[in-house]
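Trainee: Make a model of this:
(chains A and B)
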Amino acid sequence: MSVITKGKITDIQELKSIAKKIRINILHMLTQSGSGHTGGSLSAADVAVAIYFSKMKFNPDNPKWEERDRFIMSKGHAAPLLYAIMAEAGYFPIETLDHLRRVESPLQGHPCCKKLPGIEVSTGSLGQGLSVANGMALGLRLDNNPARIFCIMGDGEIQEGQIWEAAMTAAHYKIDNLCAVVDNNELQIDGPVEEVMGIEPVHDKWAAFGWHVIDVDGHDMEEILRALNEAERTKGRPTVIIAKTTKGKGVSFFEDKVEYHGVAPSHEEFDKAVKEINNG
Amino acid sequence: MGETTPVTEEQKQGPQRKPKATRDAYGETLLELGRKRLDVVALDADLSCSTKTSKFAKEFPDRFFNMGIAEQDMVGTAAGLALAGKVPFASTFAVFETGRAWDQIRLVVCYSNTNVKLVATHGGITVGEDGASHQALEDIALMRALPNMTVIVPADAAETVSVINAVADYKGLVYVRLGRAKVPYVMPDDYQFTPGKAFVFHIGKDANIVAAGIMVDMAKKAAEILSQEGIDTGVINMSTIKPLDEDTLLRVAESSKIIVTAEEHSIIGGLGGAVCEFVSENCPVTVKRIGTQDTFGCSGNPDALLELHGLTVGNIVDTIKAFFKK
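Mentor: Numbers count the residues shown, from 1 in each chain, chains lettered A, B, ... in the order given. Got it, this is the predicted structure:
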């Protein structure tokens, strides 16, 4: 059984080079499909790569393996990021990425657990992943299953009231086999988060809800790994990592551009972007 | 789904049983399930004393999760528990369970096909004095529209026991709608619920009443009156509203000059809607729908409210008689 065990990759350079490959594959799939969410897939890439390739144990040949760690992409529009990672991890052939958003494709516009083994739950309607993560965490705890749950949310997403219901639940039930991440890229479809519906002070809000809060530069692999380790060590309460990120990270002409939230790159932009990522 | 279980304690009490609320039968059955099965867990949204999940909570505090007044989170958490291999029963009032958390039910229960048992109490107008805000008259329509969903409305406490045991064994999501008020026993003593299977008391040559929930009892009383007056009237307990028992309904439609549907729900989108959809495509026959007439409820005692909304034996009788007088 090809179990990818916890801590398999701890070398920072190796993780960084995987992240580059993931970014290129994200842009490749988006360019191929002609639609999809560029900005938020790139912003969360480093954190997601660190979680999957440094922390999680899973087995792509047995996606339902009971002891696997679970990952929920609550910000379901970052599906291209999840798909690129799953292809890299061996869940399906890399060529499948060419079928993003096509009819009958397992790679739906937003993750669908019934169409793609390895997706834990379908997401896309925002605000729901953290509740499901809590439920999984409680269920695993009842069975004394040591597996852990990771859940990435968007910063715009935490405007959803259900996130705060779930935030209360995790603290109330002292859920510590869960590590949540807020991809704090400060932009949402209609504009800057603070202009659309301010969420600050994000750190204080989670702390007030009873969470252990860790602030990191969401593109600094060393900081991310440190935070993930700290989350694992933290007992008796849930941990959230507030990852300060840049929307469109890695491609200068996408970075901090709200118009690239839900727009795929052109072929010319793709060629330019790949050069930038490779030189970055 | 569909395995027969031994005759229940409810049924052993014989025909003289006092009326009993379906929610009470649920609370007792869930407790029994908890004793038999370690994988059964329960969630509630601060209404456990009313939904009767409190019995389970008291004996199995580690397997009970009070989610506070947060239905959306409750449904999401239930889905997570199901994904971790548990069999979660998530309960609150029908209006909050289906309305407040509809998108959660759609995405992480139905679309994700998680093994969540949504068991709501306080369905319908017999919620009574709390008034319209608490009376679910649209819940069946909301649930019936969702792919993968099974919708069940038991007629009495004994059927509820049978339903709850059946859905615990069934691998898949369900919505079970229960009531607040006491209801008389109406199903035969040896009856066992089979999901997707209607129970036929009798198929009438003139009229047939397709009913669910508390209206099954009234349908039986109405049919007796009508049959004495020479209108051969049948009664069908359509406790599984989705998937509809199409074979039985086709037989009923073929035998009917008129079908009357009777439910404690809006005439839009519930049992009446389901029967009309099927019959109009497969065996057109006149259908009259008894239910609330696209309106909200109001405060009052349950019997007064049933009267106000025409959910009565008299209205069923009058509806069928009026058809034959034409």
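Trainee: Near chain A, which residues of the stretch 101-250 of chain B are found?
Mentor: B:103-104, B:106-108, B:111-114 (Cβ under 8 Å from any Cβ of the partner chain). Every C-beta, even on glycine, is put in place using the N, C-alpha and C of the backbone.
Trainee: among those residues, which two are most distant?
Mentor: Farthest apart among these by Cβ to Cβ are B:D103 and B:N113. That separation is 16.1 Å.
Trainee: Same drill for these two, tell me which one is more crowded.
Mentor: Neighbours per residue (other Cβ atoms under 10 Å in any protein chain shown) separate B:D103 from B:N113, with B:N113 holding more: 18 against 14.
Trainee: separation between the more buried one and B:Y175?
Mentor: In this view, B:N113 and B:Y175 are 14 Å apart by Cβ to Cβ, to the nearest Å.
Trainee: what sits opposite the residue lying closest to B:V275 once chain neighbours are set aside in the beta ladder?
Mentor: Distances taken as Cβ to Cβ, 6 or more residues apart in numbering or on different chains place B:T261 nearest to B:V275, at 5.0 Å, with adjacent residues excluded. Beta-bridge partners for B:T261, by DSSP bridges, are B:V210, B:R289.
Trainee: my guess is B:T261 contacts B:E277, does it?
Mentor: No - B:T261 lies out of contact with B:E277 (Cβ atoms under 8 Å); the separation is 11.4 Å.
Trainee: residues near B:L308, how many?
Mentor: 15.
Trainee: Can I get stretch A:173-191 as CSV, trimmed to CA atoms?
Mentor: This file holds the C-alpha atoms of stretch A:173-191, laid out as CSV (Å, rounded to 0.1, in the frame of the first residue of the first chain):
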residue,chain,number,x,y,z
TYR,A,173,-16.5,20.7,21.8
LYS,A,174,-12.7,21.3,22.2
ILE,A,175,-12.0,20.0,18.7
ASP,A,176,-8.2,19.8,18.4
ASN,A,177,-7.8,17.2,15.6
LEU,A,178,-8.8,20.0,13.2
CYS,A,179,-6.6,22.7,11.7
ALA,A,180,-8.4,25.5,9.9
VAL,A,181,-6.8,28.0,7.5
VAL,A,182,-8.1,31.3,6.4
ASP,A,183,-6.6,32.3,3.0
ASN,A,184,-6.5,36.0,3.8
ASN,A,185,-5.9,37.4,0.3
GLU,A,186,-8.1,40.5,1.1
LEU,A,187,-10.0,40.4,-2.2
GLN,A,188,-13.4,39.0,-3.1
ILE,A,189,-15.4,39.1,-6.4
ASP,A,190,-16.9,42.6,-5.9
GLY,A,191,-13.7,44.2,-4.6
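Trainee: Any regions of the chain where pLDDT drops low?
Mentor: Went with chain A since none was named. A:1-7 (pLDDT under 70).
Trainee: nope, chain B please
Mentor: Ranges of chain B meeting pLDDT under 70: B:1-15.
Trainee: Would you mind giving the domain segments of it?
Mentor: Annotated domains of chain B cover B:15-183, B:199-325 [automatic domain parsing].
Trainee: okay, the ones you listed, which one's buried deepest?
Mentor: Most buried of the domains of chain B, by mean neighbour count (mean count of other Cβ atoms under 10 Å in any protein chain shown): domain B:15-183, with a mean of 23.
Trainee: how far does that domain sit from the chain's center?
Mentor: Centroid separation for domain B:15-183 versus its chain: 11 Å, with Cα atoms, centre = their mean, to the nearest Å.
Trainee: The domains of chain B into CSV, with extra columns for distance to A:D69?
Mentor: Below are those laid out as CSV (distance: least, Cβ to Cβ, whole Å):
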stretch, distance to A:D69
domain B:15-183, 12
domain B:199-325, 37
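Trainee: which parts of the stretch 101-250 of chain A sit against chain B?
Mentor: Contact residues (Cβ under 8 Å from any Cβ) of the stretch 101-250 of chain A with chain B: A:112-114, A:120-125, A:127-128, A:130-140, A:142-143, A:145, A:161-162, A:165-166, A:168-169, A:172-173.
Trainee: which residues of chain A fall in helices?
Mentor: A:12-33, A:39-43, A:45-50, A:79-89, A:129-142, A:161-172, A:193-197, A:202-208, A:221-233, A:267-279 (DSSP state H).
Trainee: A:H261: which of those helices is closest?
Mentor: Of all the helices of chain A, helix A:39-43 comes closest under Cβ to Cβ, at 4.9 Å.
Trainee: Nearest to chain B: which residue in the stretch 101-250 of chain A?
Mentor: Of all residues in the stretch 101-250 of chain A, the one sitting closest to chain B is A:G135 (2.0 Å; Cβ to the nearest Cβ).
Trainee: Using the three-state scheme, assign the closest residue to that residue other than its chain neighbours.
Mentor: Excluding its sequence neighbours, the residue lying closest to A:G135 (Cβ to Cβ, 6+ apart) is B:G80, at 2.0 Å. Under DSSP: H, G, I helix; E, B strand; the rest coil, B:G80 falls in the helix class.
Trainee: just to revisit the earlier point, just the buried ones from the residues of the stretch 101-250 of chain A next to chain B, in ChimeraX syntax?
Mentor: Restricted to buried positions by 16 or more other Cβ atoms under 10 Å in any protein chain shown, the ChimeraX selection for those reads:
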select /A:112,113,120,121,122,123,124,125,127,128,130,131,132,133,134,135,136,137,138,139,140,142,145,162,165,166,168,169,172,173
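Trainee: I'd say A:A44 and A:A78 touch.
Mentor: Yes - assessed by Cβ under 8 Å, A:A44 is found in contact with A:A78 at 5.5 Å.
Trainee: which residues are in contact with both of those two?
Mentor: Both A:A44 and A:A78 are contacted by A:152, A:183, under the criterion Cβ atoms under 8 Å, 6 or more residues apart in numbering or on different chains.
Trainee: Based on its surroundings, how many neighbours for A:S17?
Mentor: The burial count for A:S17: 12, using other Cβ under 10 Å.
Trainee: what does the one 3 residues further on give?
Mentor: By the measure other Cβ under 10 Å, the count of residues near A:K20 is 17.
Trainee: can you pull the contacts of it?
Mentor: Per Cβ under 8 Å, 6+ apart, neighbours of A:K20: A:250, A:277-278, A:280.
Trainee: buried subset of the residues you listed?
Mentor: Counted by 16+ other Cβ under 10 Å, those give A:250, A:277 as buried.
Trainee: nearest to chain B, of the contacts of A:K20?
Mentor: For the contacts of A:K20, the nearest to chain B is A:G250 (30.3 Å; Cβ to the nearest Cβ).
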